[in-house]
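**Student:** the amino acid sequence is not available; the structure is as follows:
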């Protein structure tokens, strides 16, 4: 079983903290609690779903086959689910409240 989520760990002030801030996101796929499989950094303004789809393709094939992929709601779109299936993983994600077809 692997887990997939995004964290926004830091806010780094550039110039003046009141005018400019840069936020970074860490996209992670981990096995269990302590074993990172793949990770990727993105800007705070980048959408989570496309970054997540890129990351899924980087998971080693021997880990992918039939593995449940527990996904954060930020990645629950149809395209992200389809990418997980194409990679050989089974997406497990709670649907957002406005989702028509779970």
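**Tutor:** Received the coordinates, thanks. For clarity, every value in this text was computed on a predicted model and none was experimentally measured.
**Student:** report the longest strand in the chain, please.
**Tutor:** Assignment by DSSP state E gives strand 21-31 as the longest strand of the chain.
**Student:** quick one: mean pLDDT for that one?
**Tutor:** For strand 21-31, mean pLDDT rounds to 77.
**Student:** show me what counts as buried in that strand.
**Tutor:** Neighbour-count burial for strand 21-31, counted by 16 or more other Cβ atoms under 10 Å, picks out 25, 27, 28, 29, 30. In this view, the C-beta of every residue, glycine as well, is placed from N, C-alpha and C.
**Student:** all strands for the protein, in order.
**Tutor:** 2-7, 11-13, 21-31, 35-43, 68-71, 90-92.
**Student:** and stretch 58-68, how far out from the chain's middle?
**Tutor:** The chain centroid and the centroid of stretch 58-68 are separated by 15 Å under Cα atoms, centre = their mean, to the nearest Å.
**Student:** re the thing from before, closest to residue 92 out of the buried residues of strand 21-31?
**Tutor:** Using Cβ to Cβ, residue 29 comes nearest to residue 92 of the buried residues of strand 21-31, at 13.2 Å.
**Student:** about what we covered before: can I get the buried residues of strand 21-31 in CSV with distance to residue 76?
**Tutor:** Shown next, in CSV, are those (distance: Cβ to Cβ, whole Å):
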residue, distance to residue 76
25, 17
27, 15
28, 17
29, 16
30, 18
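**Student:** quick check, nearest of the residues you listed to residue 88?
**Tutor:** residue 29 (13.5 Å).
**Student:** who does the residue lying closest to residue 36 once chain neighbours are set aside bridge with?
**Tutor:** Spatially, and ignoring its direct neighbours in sequence, residue 36 is nearest to residue 30 (5.1 Å; Cβ to Cβ, 6 or more residues apart in numbering). Counting by DSSP bridges, residue 30 forms beta bridges with residue 3, residue 36.
**Student:** next one: residue 30 from residue 97, what distance?
**Tutor:** 27 Å (Cβ to Cβ, to the nearest Å).
**Student:** and residue 26, by the same measure?
**Tutor:** Distance, residue 26 to residue 97, by Cβ to Cβ: 26 Å.
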